[in-house]
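Novice: Give me coordinates for this.
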Amino acid sequence: MSRGRVAGRTGAAAQSRAAPPVSDPASTQAFTIITSVVAPLFLIIALLTYFGWIRTGAIYGYFGIDQAVLNLSIQDYLIRSGGVIFKSAAIAGLFATAAFAADALVTRVSKSPTKVYLKATQWALSTVGIVLFIAGSWSAVEIQKPFEIAPLFGAGFLAASAALIAISIKHWTAESTSKLGPAILVLVTLLLATFWATSIYASESGTAVAAQIDKNPNLRPSVTVLSDKPLDFGMEGATETSYRPKGTTNARRYRYDGLRLFSYANERWILIDRNCSHAHLHLQILQDSDSFSVVVSPN
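Specialist: This next block holds a predicted model:
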């Protein structure tokens, strides 16, 4: 009887050790939500912040200012990345639609009893894909070229070429062949091309904005600074006027005219010297303070 009890206890203990742990449904659901929603959201925010950082750096770098001195927040960069990412997404969507249309065309032709049309369509798509790949690579090569291809379209050409070649491979190979390889090729090429093109477009659009302001500074709002103490602007176009406000006997104030507003961010006024004689506009950064007030007058 003693041996039977010992054997029974040993068997029960072994069965208890072999039993798999019971998972918590609540924790599993929380992990699923984090991986499916939160992680992609953080990735999107990181990309938008990066593109906004690239564009902002191009704008202020045009005038020789390091954007680090502005100490901008993530929200500032997100706001500045809106126009950049939307245009890139629109072009990527256009080329993706064209790729789906090409895939639908080949699928329909493949159902035809005459295989000559299928082979001709596959060769045509492969040829167009190779041509688009050459055109996309042409836009990325840093050499002197007789003509330029915009980075956004160059990236679109690369993505479309990968899609067309993958579609050709998909319908050319046997049904038993795995289609995972072409799908990965298209996805990786599309992501890399879109990231590369959006980065270049963010930089070029920022430079274009800065050049437009540099060319037409008078389109910016006029600025008047009223200060309790003299300010050393070091700007050619800033005119200082000293005056005593009405109702006071000792206090004097200082008025500065001849300035234009470039931007305002993170409690910093970026002002334009309207009469600057340099190659580019002279910008002055004025840290916000209680000792002065800024009056902005639209044109």
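Novice: Which other helices and strands does the longest helix along the chain contact?
Specialist: Residue-count comparison of every helix in the chain, with assignments taken from DSSP state H, identifies helix 180-215 as the longest. Contacts defined by 3 or more CB pairs under 8 Å, 6 or more residues apart in numbering; DSSP states H and E place helix 180-215 against helix 39-61, helix 82-110, helix 151-172. C-beta here means a position set from N, CA and C on the backbone, and glycine is covered the same way.
Novice: what would these look like in TSV with distance to Asp288?
Specialist: TSV is the format used below for the helices and strands packed on helix 180-215 (distance: least, CB to CB, whole Å):
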stretch	distance to Asp288
helix 39-61	18
helix 82-110	25
helix 151-172	37
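Novice: Tell me which of those helices sits most buried.
Specialist: Taking mean count of other CB atoms under 10 Å as the contact definition, the stretch among these with the greatest mean neighbour count is helix 151-172, which reaches a mean of 23.
Novice: Could you tell me the angle between that helix and helix 82-110?
Specialist: 20 degrees (axes from the mean of the first three to the mean of the last three CA atoms, to 10 degrees).
Novice: Specify the angle between helix 151-172 and helix 180-215 in degrees.
Specialist: Between the direction of helix 151-172 and that of helix 180-215, the angle (the same axes, to 10 degrees) works out to 170 degrees.
Novice: I'd like to know which elements helix 151-172 is packed against.
Specialist: Identification of packing neighbours for helix 151-172 by 3+ CB pairs under 8 Å, 6+ apart yields helix 82-110, helix 115-140, helix 180-215.
Novice: quick one: average pLDDT of it?
Specialist: Per-residue pLDDT values across helix 151-172 average out to 72.
Novice: what's the distance between that helix and the middle of its chain?
Specialist: For helix 151-172, the distance between its averaged C-alpha position and the chain's averaged C-alpha position is 22 Å (CA atoms, centre = their mean, to the nearest Å).
Novice: same question, stretch 43-59
Specialist: What separates the centre of stretch 43-59 from the centre of its chain is 5 Å, taken as CA atoms, centre = their mean.
Novice: re the thing from before, now for the helices and strands packed on helix 151-172, which one comes closest to Leu259?
Specialist: helix 180-215 (13.9 Å; CB to CB).
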